[in-house]
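Asks: Quick one, structure for this:
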Amino acid sequence: MMLTSLQILLDYFPLGCGLASFGTFASAEYYSKTYEEYGISHLYGLTKDHPAFITDAYYPELAQFGIIGVILYFTFWIWIIKIGTKKRYQNSKLFSFTLLVFLFFLIEGVADATFTHNRGLFTLILLGAFLSKDEK
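Replies: Have a look, this model is predicted:
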């Protein structure tokens, strides 16, 4: 899925292959033609009858949004790190928390789609609440 998503990013430059077409629950439920187009529809866990592994990672999902989506995703994290860095002098624990959340999502994106699930939502809500507080 990771290698195929890179190929999709190149083939469908710059906007990607479209929503619900690769690496998402909807692309498994309605079985997207993209899997057949790239010759991975025969792999275990990616077949039409058994699509259990289609949603196993977040980064392949970015192929639907193209290079623009990838840039926006990493720009978001750079922006979050910059906010945390500015507040580092006020509260070093806050900066550590920001870095840990960033590393959590960086690692989890390889093995799970946490960014789009309730675990990720809860973590991002906490991060937003902590970063929005003004320290005096």
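
Asks: Next one: the residue nearest to the spatial centre of the chain relative to Ile71, how far apart?
Replies: By Cα atoms, centre = their mean, the chain has its centre lying nearest to Tyr58, at 4.1 Å. Using Cβ to Cβ, to the nearest Å, Tyr58 is found at 16 Å from Ile71. For the C-beta atoms, the positions are set from N, CA and C on the backbone; glycine is no exception.

Asks: can you pull the buried residues of the helix or strand bottoming out on mean pLDDT in the chain?
Replies: Ranking every helix and strand in the chain by mean pLDDT, DSSP states H and E puts helix 25-29 at the bottom, with a mean of 85. Of all the residues in helix 25-29, those buried under the rule 16 or more other Cβ atoms under 10 Å are Ser27, Ala28.

Asks: List the contacts of it.
Replies: In this structure, residues lying in contact with helix 25-29 by Cβ atoms under 8 Å, 6 or more residues apart in numbering are Leu19, Ala20, Ser21, Thr34, Tyr35, Pro51, Ile54, Thr55.
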